[in-house]
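K.L.:
Okay, predicted coordinates and the sequence, questions at the end:
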Amino acid sequence: MSLDWIYYGISWILLRWHALWDTIGIPDGPVLGTNWSWILSIVFLVVTLRVILFPVFVKQIKSQRAMQALQPKVKELQEKHKGDRETLQKEMMELYRVEKANPLMGCLPMFLQIPVFLGLFHVLRRLSPEKDPTLYGWTAEQFHSATHSALFTAPLPAKFGSSPAELAALNAGSGATVKVIAGVLVLIMMATTYLTSRQMILKTGWAEDPQQKMIQRLMLYGIPLSLLVSGSLFPIGVVIYWVTNNLFSLAQQQWVLRKFPPPQMAGRSGASSARPAAGATGKSGPKNPVQPAARGLFGRKQAAPEPQSPVVDTKALAPKPGAKPVNPKKGARPANKPKG
């Protein structure tokens, strides 16, 4: 199946943003060795696509919440069918079907962005003087401008593994500069990819389902490590796209997790807020009024007070004026003599 429709779509969005920056007055020529109009076009290509995919991201969050709610049932099935992996998988698939939960929905936004990534990779890889400049809706002027665009003198179509002939065709001043810029961007790409997965796992916790847990481990460790090798094949413009996409994901996830905290976070916050209330009122009944005075007087937490004897009305037991005082019992504190 031809992917030309993806290449036309990516090119159209990229060129519309570039035209906007030209209209605003952002120079197309290099400033500090960087063609900012093309850099911003790639950045806002990410923004455009993430806005379009936002409803899918919301569905991803709802699916993750549904999977978290099913964790107690999943754990019961794991205990029930311990050692029988085939039966366990069948029971879990039936549970997901009945509860209308999809364990793969959490990866859907990433899967939908793969064609976009491949389209941008293809479009930027074509930025070379020997290619047809008018393909996918480009004009010769736009193609020439993009071909010679750079980030700190490193051409956007260049990559860490570019050959000397490829760098010469792109008018790259120094192959070492390209490798340094591309290498730093690849490391940032790996770090932000790891942080994006780690942020979600720390907030929601590791899944009980072995299949879900395997996917989490793959996203947390496997994908960032694979970028160490594959990143050397990506044009610098593609790496900029990936890093921007990761930063957008970090901000978007942080906003969603604050606004709609997962069950684990809500339970923790409820427990922490309930602790002081329990300490203030005690396990049952109102708190003892004597205890705060003892704490304030000695400056330390006192042991729990012993059961107190019934309250006695000392005024009723005091001798009446003119009556002969009664000797107190041995060991008891003598009562004060009333004034005559």
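P.N.:
Nice, I can see it.

K.L.:
Relative to residue 167, how far out is residue 88?
P.N.:
54 Å (CB to CB, to the nearest Å). Glycine gets a C-beta too; all of them are placed from N, C-alpha and C.

K.L.:
That should have said residue 259, apologies.
P.N.:
Counting by CB to CB, the gap from residue 259 to residue 167 is 47 Å.

K.L.:
Please apply the same query to residue 233.
P.N.:
Taking CB to CB as the measure, residue 233 falls 15 Å from residue 167.

K.L.:
Kindly report the same for residue 198.
P.N.:
From residue 198 across to residue 167, the span is 35 Å (CB to CB).

K.L.:
Which one's more surrounded, the two?
P.N.:
Regarding residue 198 and residue 167, a neighbour count based on other CB atoms under 10 Å identifies residue 167 as having more, with 20 against 15.

K.L.:
I'd guessed the more buried one sits against residue 175; true?
P.N.:
Yes - using CB atoms under 8 Å, residue 167 is in contact with residue 175, at 5.3 Å.

K.L.:
ok, and for the host helix or strand of residue 79, which residues are buried?
P.N.:
According to DSSP states H and E, residue 79 maps onto helix 71-80. By neighbour count with 16 or more other CB atoms under 10 Å, helix 71-80 contains the buried residues 71, 74, 77.

K.L.:
Need the mean per-residue confidence for the longest helix seen in the chain.
P.N.:
For the chain, the longest helix by residue count, based on DSSP state H, is helix 175-204. The average pLDDT for helix 175-204 rounds to 90.

K.L.:
What of stretch 78-89?
P.N.:
83.

K.L.:
measure that stretch end to end?
P.N.:
One end of stretch 78-89 to the other measures 9 Å (CA to CA, to the nearest Å).

K.L.:
Just the buried positions in that stretch, please.
P.N.:
Applying a neighbour-count criterion of 16+ other CB under 10 Å, the buried positions in stretch 78-89 are 81, 88.

K.L.:
Following element in sequence after the helix or strand residue 217 falls within, please.
P.N.:
Using DSSP H and E, residue 217 sits in helix 210-217. Sequence-wise, the next helix or strand downstream of helix 210-217 (DSSP H and E) is helix 223-230.

K.L.:
For stretch 152-172, which residues meet the burial criterion?
P.N.:
Within stretch 152-172, the residues scored as buried using 16+ other CB under 10 Å are 154-160, 162, 166-167, 169-170, 172.

K.L.:
Select, from the residues you listed, the two members most distant in space.
P.N.:
Using CB to CB, the buried residues of stretch 152-172 span at most 16.6 Å, a distance reached by 160 and 169.

K.L.:
Residue 78 and residue 102, how far apart?
P.N.:
For residue 78 relative to residue 102 (CB to CB), the value is 19 Å.

K.L.:
If you could redo that for residue 84, that was the one I meant.
P.N.:
24 Å.

K.L.:
likewise residue 85?
P.N.:
In terms of CB to CB, residue 85 sits 21 Å off from residue 102.

K.L.:
looking at this protein, which helix or strand does the model trust least?
P.N.:
Ranking every helix and strand in the chain by mean pLDDT, DSSP states H and E puts helix 290-298 at the bottom, with a mean of 41.

K.L.:
just to revisit the earlier point, angle of the helix holding residue 217 against helix 175-204?
P.N.:
140 degrees (axes from the mean of the first three to the mean of the last three CA atoms, to 10 degrees).

K.L.:
now helix 210-217, how far from the chain's geometric center?
P.N.:
Centroid separation between helix 210-217 and its chain, computed with CA atoms, centre = their mean, to the nearest Å, is 17 Å.

K.L.:
All further residue positions should be reported with the first residue as 38.
P.N.:
Noted, 38 is the first residue going forward, which turns the last one into helix 247-254.

K.L.:
low-confidence ranges in the protein?
P.N.:
Along the chain, the parts satisfying pLDDT under 70 run over 38, 141-146, 241, 245-246, 297, 299-377.

K.L.:
now the longest helix of the chain: how far from the chain's centre is it?
P.N.:
Using CA atoms, centre = their mean, the offset of helix 212-241 from its chain centre is 15 Å.

K.L.:
Next, the angle from that helix to helix 260-267.
P.N.:
Using the same axes, to 10 degrees, helix 212-241 lies at 170 degrees relative to helix 260-267.

K.L.:
What residues of helix 212-241 count as buried?
P.N.:
In helix 212-241, counting by 16+ other CB under 10 Å, buried: 212, 214-216, 218-219, 222-223, 225-227, 229-234, 237, 240-241.

K.L.:
Likewise for stretch 75-83?
P.N.:
Buried, per 16+ other CB under 10 Å, within stretch 75-83: 75-83.

K.L.:
follow-up on the earlier one: with the buried residues of helix 108-117 in mind, which one is nearest to residue 185?
P.N.:
So of those, ranked by how close each gets to residue 185 (CB to CB), first place is residue 108, at 54.1 Å.
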